[in-house]
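In: I'll drop the sequence and a predicted model, then ask my questions.
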Amino acid sequence: MIVLGSNSEIAQAFVEKILEAGGKYSTIYLFTSNKETTEKFARHIDVKFLQQTQVIELDLLKETDYTTFDEISSDLLFCATGYLGEGTEESLYDDKNTARIIDINYAKLIPVLNFFAEKMERQRSGTMIVLSSVAGERGRQSNFIYGSAKAGLSAYLSGLRNYLYSRKVHVLTVKPGFMDTKMTEGLPLNPRLTASPRQAAEVIYTAYRKQKNTAYVLPVWGVIMMVIRNIPEFIFKKLKL
Amino acid sequence: MDRGLFTSNLFQIMKPNFIQKVTNWGNYPVVEKEMKSEDAIEKIKDFVRNNNEIIARGNGRCYGDASLSEHIFSTKRLNKFISFDRLNGVIECESGVLLSDILEVIVPQGYFLFVTPGTKFISVGGAIASDVHGKNHHTEGCFSECLVEFSLLNENSEVITCSRTENAGKFWATVGGMGLTGIIISAKFKLKNIDTAYIRQESIRAENLDEIFRLFDESESWTYNVAWIDCLQTGKNTGRSILMRGEHAFKHELPKKLQEKPLRLKKKNIPTVPFYFPGFLLNSTTVKLFNFFYFNKQKRKEIKNYVDYETFFYPLDIINDWNKIYGKGGFIQYQMVIPKENAKAGMKKILETIAKSGNGSFLAVLKLFGKQNAEAYNSFPIEGYTLALDFKVNSKLTKLVEQLDAIVEEYGGRIYLTKDSMSRSSLTGYLKNVQNPKFVSLQSKRIINNI
C-alpha cells in the first residue's frame, strides 16, 4: 500500500481502519514531507499491527528523482496530500501563500499521481483513493485559491478515472466537507457536519469496498453541495460563505 | 431545505478561535477556555512558553474542575504507541493513548493492565496525574506501582525523563499531582501476564454495614474486590451491599466453550444514550427503585461465575455517554477515604446523612484500600474505606457536601481530587511540590483560594 501525505490524520485513520479490517500488505510505503513525524506513526503501526512500513521523504516543493521509487508498486494508493494555507481574507495578495497552495494541492501533486497511475496502468490493476474537497466544487470568497486548486484536482481525477477504466484501475475521489483535524483546528465548524478522522476512514473504506467513484465525508455533504452548486450566480456572489 | 440555516450556521467567518466550551464527565462546571492540541513537540513547547495557567487534559473522564484552566492542552493528538516488549510485558506510548486502546493491543497477547480504574476511557497521562486505583489496590497498589518512567514537559519547556532513579523528585511530585508539574508526553509501564480474558467472580450479598466490612476483611487475599452499596438504606439496612471479588481465570478452569479462544472477546454492540434525560427523571424515587431491583436481582446469598474482563472491570463503559442520564444540569462525584480505625462509625454517619438528604445515587461503590505507598505522597489512597458516589447538581447539593465534608474531616479522611468539585480545602489541599505559576488548574486555584 502506498500513502501520500502520511502525516494526515485522515490517511492515518484509513491505514488503521484497513489493517483492522484484515488488510494484508507486505509493506506500507509512507510518503511524507516530514519524516520525523511519520516515523512516529510507523512505530505506532508496528506496535499495533506488527505491520512493516517504509518511510520515504517526498517534498512536493523540491525536485524529485522518481527513479528512486521504481521498486515501489502496490494495488492501493491513498493520497491525503494537501495544504489549506491562509484564508483568502488574510492573504489574497500573498504570492508565496498562493503558490504554495496551488503547488501542494495541484500543480506539483499531479506529476506524482501520474507516476503512480502509470505503474498501476502497467499492472492492469489497482485502486487510487485521492482526497479532494467540497471546496473544489464552487469557489467561495473565503478560500477560493484552495478551492480552485482542488477544483483542478477533482477534474484531473475524474479524467483519470475515465482514462484508467478500460485499463482496469479504479479511481475514487473523496470529497471531505468539514473535518476535525490539524488543518482545521480552532475553526468554528458546525459539529453535526464535521467528521472525525475515524469517521472519515469508515466512510472512505466503505466506498473503497463498493468501488464507488465519489465519496463525500460526511455523506450529507453530497446533498449540501447539490444545493450550493445550484444557487444562481447572481445570488451566490452576494453571499458570505 | 432552509438555505438560511445553511448560510448562517454552516459557514461562519472561518477564523481560528481556540476558545471553546469545555467540561468534564459530570457536565459540571462548564467553562469557556482556550484549548489546543498538538502532536509536534516543538509546538507543544511553544504553547508552554507563551502561556501561564496551563493544564494538560486527557479524555476528560474526571469530574469537577480538574484538568480545566485558562489554557488547556489536550493530549488527544499524542495518541501513538511507541513500543511493546511482548516478551517482558512492558509497553510505551504517548500520554494521550487511552487504556482502551492499550487493552485492544495487549489482551490478545496475554497481557493485562496492572492497575485500572472503573472506566477504560482514560488517557495514560490521566492515569499518572490521578495515580488511579482499582479493585486491586489492597494487593497491587496504584498505577504508579507499575510505572517505569515518563517524559515530562516542565515549566522551562524542557522535556525531562522521570523515573525512580532519574529526576525522582519530579517523578513522585507528578504521580497523583493532577498535572500541576507539567505536561506528560509519554510513559512506559509494566503489564501483568494473564492466561485468559476472563475473571472468576464471586458475588455475595451483605445485609448491612457490619456484614460488608466483615466480608472485606475475609476477602483480603482475593486480588480484586469491591462492593456496590445501596446508599439510600436506613436503620438496620444501612450499608446493604453486594461484594464482588475476583481472580484472573486460568484456561483449564473455564467452561468448555470459553476455552477455545480464551483471549478473545466477542464484539459487543454498545448502546449510546442519545440525549440528555430531563432532570426530573433521576430523583430519590427512581433511584430507590433502581437500587431495590439491583440488590434483589441477586436472590442467592452467593453466586460464583466466570465473566469477561469488560463486564468485571468496566460495567459502566457498556453504555456510551451514560453521563447524559443525569440531564443537562450535570452531576458531581463525591469520593472520600476514611482511615480504617474509625471507618465503620464514619461510614455509618455518612450513609445516614445521604439517606436523609434523599439526594442519592445508584452508582455507589465501596472499597477497602491497602496501605499507602509512602513514596507516592500525592496519591489519594490511604489505608481505609473509600466510598464513591454521584450526586445530581441541585439546590440542596452544596449543603449536603458541606455536611459530608464535616464528617470526613471529623474522621481524619480526605477527598479524591479527580472527583472533587466543591469540597473544603482541608480535605483537598494535600498535594505537595506542585506550586508552579505555569501549571495551574481551576481546581488548584479554588483549593488555594479557600485555604
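Out: That came through fine. Numbering: from 1, shown residues only, chains lettered A, B, ... in the order given.
In: C-alpha from now on. contacts and neighbour counts both.
Out: Fine.
In: Pull the residues that contact the longest strand seen in chain A.
Out: Using DSSP state E to define each element, chain A has its longest strand at strand A:170-176. Here strand A:170-176 makes contact (C-alpha atoms under 8 Å, 6 or more residues apart in numbering or on different chains) with A:125-134, A:154, A:157-158, A:160-161, A:164, A:200, A:204, A:208, A:211-218.
In: make it 7 Å
Out: By C-alpha atoms under 7 Å, 6 or more residues apart in numbering or on different chains, the list of residues contacting strand A:170-176 from outside reads A:126-134, A:157, A:161, A:164, A:212-218.
In: out of the residues you listed, which are inside helices?
Out: Applying DSSP state H to these, the entries found in helices are A:157, A:161, A:164.
In: Nearest to chain B, out of those: which one, please.
Out: Comparing the ones in helices among the contacts of strand A:170-176 against chain B with C-alpha to the nearest C-alpha picks out residue A:157 as the nearest, at 26.7 Å.
In: quick one, what contacts the closest one?
Out: Counting by C-alpha under 7 Å, 6+ apart, residue A:157 has contacts residue A:173.
In: In the stretch 101-250 of chain B, which residue sits nearest chain A?
Out: For the stretch 101-250 of chain B, C-alpha to the nearest C-alpha, closest residue to chain A: residue B:105, 6.1 Å.
In: what about chain B, any weak spots by pLDDT?
Out: By pLDDT under 70, the weakly predicted segments of chain B are B:1-14, B:363.
In: Let me see the domain layout of it.
Out: B:3-75, B:76-195+B:433-449, B:198-420 (automatic domain parsing).
In: Nearest to residue A:81, out of those?
Out: domain B:3-75 (18.0 Å; C-alpha to C-alpha).
In: Run through the residues that contact residue 240.
Out: By default, I'm working from chain A. By C-alpha under 7 Å, 6+ apart, residue A:240 lies in contact with residue A:141.
In: not quite, I wanted chain B
Out: Contacts for residue B:240 (C-alpha under 7 Å, 6+ apart) come out as B:206, B:207, B:208, B:209, B:229, B:230, B:233.
In: same thing with residue B:55?
Out: So residue B:55 contacts B:67, B:68, B:69, B:71, B:72, B:73, B:179, B:180, B:439, B:440, B:441 (C-alpha under 7 Å, 6+ apart).
In: before we move on, the earlier item: quick check on the contacts of strand A:170-176: which are buried?
Out: A:126-134, A:157, A:161, A:164, A:213-218 (16 or more other C-alpha atoms under 10 Å in any protein chain shown).
In: Could you pick out the residues of chain A near chain B for me?
Out: A:41, A:43, A:44, A:47, A:48, A:185, A:186, A:187, A:188, A:190, A:241 (C-alpha under 7 Å from any C-alpha of the partner chain).
In: if we go to 8 Å?
Out: Residues of chain A lying close to chain B by C-alpha under 8 Å from any C-alpha of the partner chain are A:37, A:40-41, A:43-45, A:47-48, A:87, A:142, A:182, A:184-190, A:239-241.
In: Quick one, which of those are buried?
Out: Using 16+ other C-alpha under 10 Å, the buried ones in the residues of chain A next to chain B are A:41, A:43-45, A:47-48, A:87, A:142, A:185-189, A:241.
In: Looking at the residues you listed, which gets the smallest pLDDT?
Out: In terms of pLDDT, the lowest of those is residue A:87, showing 75.
In: returning to that earlier point: roughly how far out does the longest strand of chain A sit from the chain middle?
Out: Mean C-alpha position of strand A:170-176 versus that of the full chain (C-alpha atoms, centre = their mean, to the nearest Å) differs by 8 Å.
In: quick one: strands adjacent to it?
Out: strand A:127-131 (parallel), strand A:214-217 (parallel) (DSSP bridges).
In: pull the CA atoms of the helix or strand of chain A with the lowest mean pLDDT into PDB?
Out: Least confident helix or strand, chain A: helix A:88-91 with a mean of 76, by mean pLDDT, DSSP states H and E. Provided in PDB are the C-alpha atoms of helix A:88-91 (Å, rounded to 0.1, in the frame of the first residue of the first chain):
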ATOM      1  CA  THR A  88      -8.200  34.500   1.300                       C
ATOM      2  CA  GLU A  89      -9.100  37.500   3.500                       C
ATOM      3  CA  GLU A  90      -5.800  37.300   5.200                       C
ATOM      4  CA  SER A  91      -3.500  36.900   2.200                       C
END
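In: Neighbours of residue B:111, how many?
Out: Residue B:111 has 24 neighbours, counted by other C-alpha atoms under 10 Å in any protein chain shown.
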